[in-house]
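1. give me coordinates for this.
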Amino acid sequence: MRSESPDDATLLARIAKHDTQALEQLFMRHHAGMHRYAVMTSHDTMAADDALQETFVAVWKHASDFRGTTSARGWLYTIARNAVRRQFRKRAGKEQVVSLETLGAEAGWGDIAANDRVAAAIEDRERVHKALATLSEDDREVISVVDVEALSLEEAATALDLGLAALKSRLHRARLRFVAALAKEEDHAR
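-> Coordinates of the predicted model:
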């Protein structure tokens, strides 16, 4: 008979008591997704590896800080996010605020032919990667945790230290920029 695997919160409680097997279980459960997230946001495999290692060292040291008021998965991604950010400090300067109308126009709102081309481009991994590479770190980060790693909006908001409304706004804008970048990649490919 197979025993049930303990949930993340239980593993964190065991890790807080220095249970190395619990740390190994948590690592095995989450390392692949967290590594994808770190690579996607940093665009540097070595930095992502360092951030992942830093993340699980922090989990080992600070598991007792987890209070269970948020999801354990969201808490883990918060640690990973901070580790990635330490690896790569933000670029100088802030993004300019662009109106939704401008972003929508760049993404091809209302242009059925453009929408069909973007839908086809999504099937091409290379174009998707190129489009993602053109986005800011913040845009890649929110797309990564929600659309790639499938964190719930609440988990993503916790991980990114945002309110739910701010997360939704940031995600909407990031998706528009991504679609616009895909459309540009499609235009370059023709």
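
2. so Ser64 touches Ala16, yeah?
-> Yes. Counting by CB atoms under 8 Å, Ala16 is a contact partner of Ser64 at 3.9 Å. From N, CA and C alone the C-beta is placed, and that goes for glycine too.

3. so for these two, which residue has more residues nearby?
-> Of the pair Ser64 and Ala16, Ala16 is the one with more neighbours under other CB atoms under 10 Å, namely 17 against 11.

4. the strands in this structure, which residues?
-> Secondary structure of the chain by DSSP state E: no strands are present.

5. what are the structural domain limits within this structure?
-> The record's domain parsing of the chain by automatic domain parsing lists 8-87, 100-189.

6. least reliable of those going by mean pLDDT?
-> Least confident of the domains of the chain, judged by mean pLDDT, is domain 100-189 with a mean of 81.

7. can you count the residues close to the closest residue to Leu23 other than its chain neighbours?
-> Excluding the flanking residues, the one nearest Leu23 by CB to CB, 6 or more residues apart in numbering is Ile15, at 5.1 Å. Neighbour count of Ile15, defined by other CB under 10 Å: 24.

8. before we move on, what about Glu154?
-> Glu154 has 13 neighbouring residues, counting by other CB under 10 Å.

9. for Phe27, see how far away the closest residue in space to Ala13 that isn't next to it in sequence is.
-> Closest residue to Ala13 apart from its sequence neighbours, by CB to CB, 6+ apart: Ala63 at 7.5 Å. According to CB to CB, to the nearest Å, Ala63 stands 12 Å off from Phe27.

10. between these two, which one's more packed in?
-> Taking neighbours as other CB under 10 Å, Ala63 and Phe27 compare with Ala63 leading, 22 against 17.

11. residue contacts, the more buried one?
-> Contact analysis of Ala63 by CB atoms under 8 Å, 6 or more residues apart in numbering lists 12-13, 15-16.

12. and these, which is closest to Arg127?
-> Nearest to Arg127 among these, counting by CB to CB, is Leu12 at 39.1 Å.

13. isn't Ala9 right up against Gly68?
-> Yes. At 5.6 Å, Ala9 and Gly68 qualify as touching, with contact defined as CB under 8 Å.
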